[in-house]
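> Make a model of this:
(one chain, ligands or ions: 1)
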Amino acid sequence: MGSIDLNSKPHVVLLSSPGLGHLIPVLELGKRIVTLCNFDVTIFMVGSDTSAAEPQVLRSAMTPKLCEIIQLPPPNISCLIDPEATVCTRLFVLMREIRPAFWAAVSALKFRPAAIIVDLFGTESLEVAKELGIAKYVYIASNAWFLALTIYVPILDKEVEGEFVLQKEPMKIPGCRPVRPEEVVDPMLDRTNQQYSEYFRLGIEIPTADGILMNTWEALEPTTFGALRDVKFLGRVAKVPVFPIGPLRRQAGPCGSNCELLDWLDQQPKESVVYVSFGSGGTLSLEQMIELAWGLERSQQRFIWVVRQPTVKTGDAAFFTQGDGADDMSGYFPEGFLTRIQNVGLVVPQWSPQIHIMSHPSVGVFLSHCGWNSVLESITAGVPIIAWPIYAEQRMNATLLTEELGVAVRPKNLPAKEVVKREEIERMIRRIMVDEEGSEIRKRVRELKDSGEKALNEGGSSFNYMSALGNEWEKSWKTQSSETITVVVGEDK
Ligand SMILES: O=c1ccn([C@@H]2O[C@H](COP(=O)(O)OP(=O)(O)O[C@H]3O[C@H](CO)[C@@H](O)[C@H](O)[C@H]3O)[C@@H](O)[C@H]2O)c(=O)[nH]1
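Numbers count the residues shown, from 1 in each chain. Next up, the predicted model:
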């Protein structure tokens, strides 16, 4: 690793875990640091060879080229995990095994970074920053309530007996909204599963960073941020400053290969289209797909639906196994569906240009799995949500959207547990698209859109947090000794 050249710009290093839901917010953070703080940024990422959309996302993130993006070779973890291991476990193990490569790559840099920022699954690499004597941060591309639960899990682990999901009462987190048993994040579903011990470790490791960056903004969750900073509540657990610097989301650039979709949207009336998508990995069972198809048809609304091959159970099976999108979809729907919906609905295999769709004025509601990027893309476009949580922290996100923020409706039961029937789907769509209730929800989401914009603009809370961080990094970078630090690559860093 090189020494500090005070004539050059300070440099920040980011580490992203695999999966577009993780990579996209890291790319956006990188761009924000370049444009707002005037730093150079290098992003280390672990590529996913199962995502056909990744090259396209990377291409558009590089236009214009604001950050250096370096792919680390994915380690082979097949002999380290059970073939049945969950997506979370695989991500945790993979990011653990990436440490030697990350260490070597950072050590080989010509410059000395002012800070290293890792994402949720990369917290074991905080150790790399620590040993190199570089300021270290965690970036949580989700909301404050999720962070609160994550850092509080080591305490809940002592307090709660038996499975979290079997508790009779919501679990209390100091100063925050309690978490109902059915809302807990996937790694908490079974305390004997490896993903729980990995998540527990995360709760311990996050507060060892020098700070926590979050892709949300202060005014969205003022109470939870208050609790995270107050030593009488969660401040004593978080221990380090929390910096909400969002809502960061991609901007719609040139549309690329899917322009017909946007041409079709151009021809639809304002706020008339239901957009249906379950993020980068969400899948539905065949039974659920049939009900959703009927629900969409019965709602008599226009729609765009991003369709993936059905799985045995509604879940996140597509995460490590995405196909090329060329499969024949006709068997996924009720008979005659594709013919009947002509001119009214479009089904898109695998992947859509979501950021373009969400920015289009014809979109009236987003039926979403509530991945945090999708949530932000919806709110910042002023589009209400039909919350359809499937995995990860999405059940918490759905509660936040419906019960705290009032910008969504959701099915009575959890879609991952019970098939949502066509009548309920039809009703939810019509509640937003047709009923008076929809106008109220739309009004609230527009208020949040404005509040998010205000936070990002000059003088706004997120702008100020990011600038303050930039100043802090620059100051410590300048005062650091310009001696070259020699690092030996250890076996198990
Ligand atoms: O057809 C598609 C589907 C998705 N996207 C984009 O892919 C991203 C998906 O991110 P997100 O909505 O957050 O979903 P996941 O990929 O499922 O994200 C994972 O990461 C998020 C951030 O940590 C968590 O909130 C989620 O629960 C977790 O599943 C978004 O930017 C979408 O615009 C597309 O462009 N086209």
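
> measure stretch 351-370 end to end?
16 Å (Cα to Cα, to the nearest Å).

> check contacts around the closest residue to the ligand within the stretch 101-250 of the chain.
Nearest residue of the stretch 101-250 of the chain to the ligand: Ala141, at 4.2 Å (Cβ to the nearest ligand atom). All C-beta spots, glycine's among them, are computed from the backbone N, C-alpha and C. Counting by Cβ atoms under 8 Å, 6 or more residues apart in numbering, Ala141 touches Gly21, His22, Pro25, Val26, Asp119, Leu120, Met214, Asn215, Trp372, Asn373.

> Which residue is the nearest non-sequential neighbour of it?
Closest residue to Ala141 apart from its sequence neighbours, by Cβ to Cβ, 6 or more residues apart in numbering: Pro25 at 3.6 Å.

> Count residues in the vicinity of the one you found, would you?
25 (other Cβ atoms under 10 Å).

> Look at stretch 416-427 and report the distance between its end residues.
Using Cα to Cα, one end of stretch 416-427 lies 19 Å from the other.

> Mean confidence (pLDDT) on that stretch, please.
pLDDT averaged over stretch 416-427 equals 96, rounded to a whole number.

> Can you point out the buried residues in the helix or strand encompassing Phe102?
The secondary structure element spanning Phe102 is helix 99-107 (assigned by DSSP states H and E). For helix 99-107, a neighbour-count test (16 or more other Cβ atoms under 10 Å) marks Arg99, Pro100, Ala101, Phe102, Trp103, Ala105, Val106, Ser107 as buried.

> ok, now how distant is the first one from Gly315?
What it means is Arg99. 29 Å (Cβ to Cβ, to the nearest Å).

> Show me what the helix or strand bottoming out on mean pLDDT in the chain is packed up against.
Least confident helix or strand of the chain, by mean pLDDT, DSSP states H and E, is helix 54-61 with a mean of 88. Using 3 or more Cβ pairs under 8 Å, 6 or more residues apart in numbering; DSSP states H and E as the contact definition, the elements that helix 54-61 packs against are helix 20-37.

> Next, the angle helix 54-61 makes with the helix it packs on.
10 degrees (axes from the mean of the first three to the mean of the last three Cα atoms, to 10 degrees).

> Got the domain ranges for this protein?
Domain segmentation of the chain under the TED database yields 11-250+457-491, 260-451.

> The shortest one near the ligand anywhere?
Yes: where contact is defined by Cβ under 6 Å from any ligand atom, part of domain 260-451 touches the ligand, namely 277, 279-281, 306, 351-352, 354-355, 371-374, 377, 392-394.

> What is the end-to-end distance of that domain?
Start and end residues of domain 260-451 are separated by 33 Å (Cα to Cα).

> Repeat that for stretch 190-197.
For stretch 190-197, the end-to-end distance is 10 Å (Cα to Cα).

> what's it in contact with?
Residues from elsewhere that reach stretch 190-197 (Cβ under 8 Å, 6+ apart): Asp82, Ala85, Thr86, Cys88, Thr89, Phe92, Glu163, Phe164, Asp186, Pro187, Met188.

> Buried ones in the helix or strand following the least confident helix or strand of the chain, by neighbour count?
The C-terminal neighbour of helix 54-61 among helices and strands, as given by DSSP H and E, is strand 68-72. With burial defined by 16+ other Cβ under 10 Å, the residues of strand 68-72 counted as buried are Ile69, Leu72.

> What strands flank strand 68-72, and is each parallel or antiparallel?
In its sheet, strand 68-72 lies beside strand 40-46 (parallel), with partners assigned from DSSP bridges.

> Could you pull out the strands in the stretch 151-300 of the chain for me?
Across the stretch 151-300 of the chain, reading from the start of the chain, the strands by DSSP state E, counting those that start in this stretch fall at 211-214, 242-244, 273-277.
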